[in-house]
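**Student:** Okay, predicted coordinates and the sequence, questions at the end:
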Amino acid sequence: MKLSELEQKSEKLNSNRNLLKVKKDELSKLETQQTKEREDFELRKRWVKLRGETVQNDFKFEQVDKTKEEINSLQTTITEQEKEVFVGIKEFALDVLPCDIPLPNSERKVILNLEGGSYLNAVTLLASTVDKKIPFKLDNVILESNNITIVNVQTISDVVEELESLVQNVKRLAHIALKEPDPAIKETAEKLHGSSYREIWEIIRGRQNISLQELYSEKNATKDEEMKKIRNFFTNCKTVLKENFPFICTEKGSYELSFFGALVWAQYKNEYISNSEVNAQKDIEIPSVEEEKSVEQHKVEKSTLNGFLDDKKINETLYGKV
């Protein structure tokens with residue numbers, strides 16, 4: 001599905017979602033009114049009974065039932081629309097990119113103005129898949145309603161690679177929304193578990209940011225051979241895993257867990273690391289051999305989907321609702 005088509009379908013979907021909200025608000029008011037009128041009706045019945053008379057008809061409030069039917073119908077329509085949209089996103093394409101590839105500026109940044117106007121509905125829908133809002137950041141790409149900003153790029157080749165990564169990540173958002181497994185995630189987790197660098201990967205434990213210096217300290221690596229193995233974890237994994245490399249190099253010696261990498265860690269944690277071990281590591285501070293202030297820098301962050309989803313939603317993403 002092309003971004004322009006996604007915008008049209010998202011607009012219709014958002015319209016129905018907004019209508020559903022209006023109908024639910026309307027139902028809440030009607031139910032309050034219904035309760036009040038039912039109480040009045042029952043009180044009237046008791047009064048009439050005191051007079052030795054009877055009430056011929058039972059209490060009816062048809063508007064509530066009618067509104068509930070409308071809500072059920074809307075919910076069915078929305079579910080069908082969502083499925084259609086996200087199935088389409090699995091074949092996502094950026095048809096609104098400009099014809100020419102721009103050169104990054106001196107700040108290692110590119111801003112692409114999208115052709116055809118605003119794509120607010122489409123971008124909002126993508127962001128909402130992982131409970132985010134616009135501007136929506138996926139690794140080095142920031143999505144807004146009418147432009148895409150790419151950061152940390154030096155060449156036009158970098159620009160193309162980041163946009164290719166964006167398309168893959170958007171497709172992964174579709175898998176998340178549809179609760180479908182991604183074979184690349186499972187395969188990458190298996191390779192990391194079977195590699196000679198498994199210990200280093202597990203020390204990182206899904207943290208969003210990590211540096212070589214932090215890993216040297218945490219591994220007490222003082223010999224050249226020990227530090228070389230840590231460096232080789234990143235360089236060799238990049239060579240072997242290629243586009244499935246789970247990190248982004250933000251600067252020399254510093255890395256950020258990518259959106260894909262966070263999904264890989266979630267898979268890895270569920271497949272290979274016991275829950276008791278994960279819970280024991282969540283709030284541990286790794287002692288520093290340097291200054292006291294570095295303890296805070298080395299704190300193990302809570303293992304979540306790179307700040308996108310909590311642990312419960314990660315499990316639902318990979319394995320469906322339990």
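**Tutor:** Alright, I've got the coordinates.

**Student:** All the strands of this protein, in order from the start?
**Tutor:** 109-113, 136-138, 141-143, 147-151, 209-211, 247-251, 254-257 (DSSP state E).

**Student:** Which one, of these, ends up nearest to Val170?
**Tutor:** strand 136-138 (7.6 Å; C-beta to C-beta). Just so you know, the C-beta spots here come from the backbone N, C-alpha and C atoms, and that holds for glycine as well.

**Student:** Flag every buried residue along the closest one.
**Tutor:** Phe136, Leu138 (16 or more other C-beta atoms under 10 Å).

**Student:** got the contact list for that strand?
**Tutor:** The list of residues contacting strand 136-138 from outside it, by C-beta atoms under 8 Å, 6 or more residues apart in numbering, reads Val123, Leu126, Ala127, Ile142, Leu143, Glu144, Leu166, Asn169, Val170, Phe259.

**Student:** how about those, which pair is most distant?
**Tutor:** The span of the contacts of strand 136-138, defined through C-beta to C-beta, is set by Glu144 and Phe259 at 17.5 Å.

**Student:** Show me where this structure has its helices.
**Tutor:** Along the chain, counting by DSSP state H, helices occupy 3-50, 62-89, 120-128, 156-177, 183-194, 198-204, 212-218, 224-241, 259-272, 275-281, 294-297, 311-319.

**Student:** Emit the ChimeraX select command for whichever of the contacts of strand 136-138 are buried.
**Tutor:** Those of the contacts of strand 136-138 that count as buried under 16+ other C-beta under 10 Å are selected in ChimeraX with:
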select :123,126,127,142,143,144,166,169,170,259
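
**Student:** Make TSV out of the contacts of strand 136-138 and add distance to Glu37.
**Tutor:** Output for the contacts of strand 136-138, formatted as TSV (distance: C-beta to C-beta, whole Å):
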residue	distance to Glu37
Val123	45
Leu126	45
Ala127	43
Ile142	53
Leu143	49
Glu144	49
Leu166	55
Asn169	53
Val170	50
Phe259	52
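
**Student:** export the contacts of strand 136-138 to CSV and tack on pLDDT and distance to Gly117?
**Tutor:** Formatted as CSV, the contacts of strand 136-138 follow (pLDDT from 0 to 100; distance: C-beta to C-beta, whole Å):
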residue, pLDDT, distance to Gly117
Val123, 93, 12
Leu126, 92, 17
Ala127, 90, 19
Ile142, 95, 19
Leu143, 94, 15
Glu144, 93, 13
Leu166, 93, 20
Asn169, 91, 24
Val170, 92, 20
Phe259, 91, 27
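
**Student:** want to throw the helices of the chain into TSV with distance to Lys137?
**Tutor:** As requested, the helices of the chain are exported to TSV (distance: least, C-beta to C-beta, whole Å):
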stretch	distance to Lys137
helix 3-50	17
helix 62-89	18
helix 120-128	9
helix 156-177	11
helix 183-194	20
helix 198-204	21
helix 212-218	23
helix 224-241	22
helix 259-272	9
helix 275-281	26
helix 294-297	23
helix 311-319	18
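
**Student:** Quick check: which ranges of the stretch 151-300 of the chain have low pLDDT?
**Tutor:** For the stretch 151-300 of the chain, the stretches flagged by pLDDT under 70 are 274-300.

**Student:** residues touching Lys186, list them.
**Tutor:** Neighbour list for Lys186: Gln267, Glu271 [criterion: C-beta under 8 Å, 6+ apart].

**Student:** typo on my end, it should be Ile210
**Tutor:** Ile210 touches Ile204, Ser254, Tyr255, Leu257, counting by C-beta under 8 Å, 6+ apart.

**Student:** Near Met147, how many other residues are there?
**Tutor:** To be clear, residue 147 is Asn; Met isn't right here. Asn147: 14 surrounding residues under other C-beta atoms under 10 Å.

**Student:** Return the residues in contact with the residue lying closest to it once chain neighbours are set aside.
**Tutor:** Distance criterion C-beta to C-beta, 6 or more residues apart in numbering; nearest residue to Asn147, sequence neighbours excluded, is Asn113 at 5.1 Å. Applying C-beta under 8 Å, 6+ apart, we find Asn113 in contact with Pro98, Asn146, Asn147.

**Student:** nearest to Gln34, of the residues you listed?
**Tutor:** Asn146 (45.6 Å).

**Student:** right, and that closest one touches Ser118 too?
**Tutor:** Yes. Between Asn146 and Ser118 there is a contact under C-beta atoms under 8 Å: 5.0 Å.

**Student:** returning to that earlier point: what's the closest of the helices of the chain to Pro104?
**Tutor:** Between Pro104 and those, the tightest spacing by C-beta to C-beta is seen for helix 156-177, at 6.6 Å.

**Student:** could you check the angle helix 3-50 makes with the closest one?
**Tutor:** Helix 156-177 and helix 3-50 are oriented at 30 degrees to each other (axes from the mean of the first three to the mean of the last three C-alpha atoms, to 10 degrees).

**Student:** and helix 156-177 with strand 247-251, angle?
**Tutor:** Angle, helix 156-177 to strand 247-251, by the same axes, to 10 degrees: 140 degrees.
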